[in-house]
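> Provided below are the primary sequence and the corresponding predicted coordinates.
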Amino acid sequence: QVQLVESGGGLVQAGGSLRLSCAASERTFSTAAMGWFRQAPGKEREFVAAISSGGGFTDYTDSVKGRFTISRDNAKKTVLLQLNSLKPEDTAVYYCAGRTFYATTSRAARDYMYWGQGTQVTVSS
């Protein structure tokens with residue numbers, strides 16, 4: 001059973017920063033493209049960012065480009081999401097997701113097999 005555990009969420013003022021971390025239990029982590037999604041109250045889960053299995057390709061939704069950075073360390077089986085210049089509209093539960101044995105990224109939640117429990121990010125104005 002693959003487990004993904006997120007950490008690093010919290011309460012921050014607008015303009016502040018947070019770093020989210022996702023630790024995987026999977027031995028085949030290096031074969032998996034990874035993604036971050038978020039879900040705000042009353043809204044559908046939406047794609048935020050993704051990174052290919054080798055880390056050479058990244059993808060971001062337009063609203064976070066230039067503010068968020070996704071990265072990964074395959075040796076540590078960890079994927080990070082650096083959140084800078086946070087805005088109140090970034091408030092959501094952030095989920096880490098994995099596509100085992102798929103090297104390429106996807107923006108579709110249905111393409112990800114494994115999900116973490118989520119970590120809350122709250123940005124105050």
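Perfect, thanks for sending it. Numbering: from 1, shown residues only.
> read off the pLDDT value for the residue nearest to Asn84 when sequence neighbours are not counted.
Distance criterion C-beta to C-beta, 6 or more residues apart in numbering; nearest residue to Asn84, sequence neighbours excluded, is Ser17 at 4.8 Å. For every residue, glycine as well, the C-beta is placed using N, CA and C. The per-residue pLDDT reported for Ser17 equals 98.
> could you do the one 5 residues further on as well?
The confidence metric pLDDT takes the value 97 at Cys22.
> contacting residues for it?
Leu4, Val5, Glu6, Ser7, Met34, Trp36, Thr78, Val79, Leu80, Leu81, Cys96, Gly116 (C-beta atoms under 8 Å, 6 or more residues apart in numbering).
> which ones among these lie within strands?
Using DSSP state E, Leu4, Val5, Glu6, Ser7, Met34, Trp36, Thr78, Val79, Leu80, Leu81, Cys96 are the members of these that sit in strands.
> widest-spaced pair of the contacts of Cys22?
Ser7 and Met34 (15.0 Å; C-beta to C-beta).
> who's the closest spatial neighbour of the residue nearest to the spatial centre of the chain, skipping the chain neighbours?
Nearest residue to the geometric centre of the chain (C-alpha atoms, centre = their mean): Trp36, 2.4 Å. Nearest residue to Trp36, sequence neighbours excluded (C-beta to C-beta, 6+ apart): Val48, at 4.4 Å.
> measure that neighbour to Asp62 for me?
11 Å (C-beta to C-beta, to the nearest Å).
> more crowded one of these two?
Val48 (24 against 6; other C-beta atoms under 10 Å).
> element containing the more buried one, please.
strand 46-51 (DSSP states H and E).
> partner strands of that strand and their direction?
When pairing is defined by DSSP bridges, strand 46-51 lines up against strand 33-39 (antiparallel), strand 58-60 (antiparallel).
> buried ones in that strand, by neighbour count?
By neighbour count on 16 or more other C-beta atoms under 10 Å, the buried set for strand 46-51 is Phe47, Val48, Ala49, Ala50, Ile51.
> list just the nearest of those residues to Ser25.
Out of those, the member with the shortest distance to Ser25 (by C-beta to C-beta) is Ile51, at 18.4 Å.
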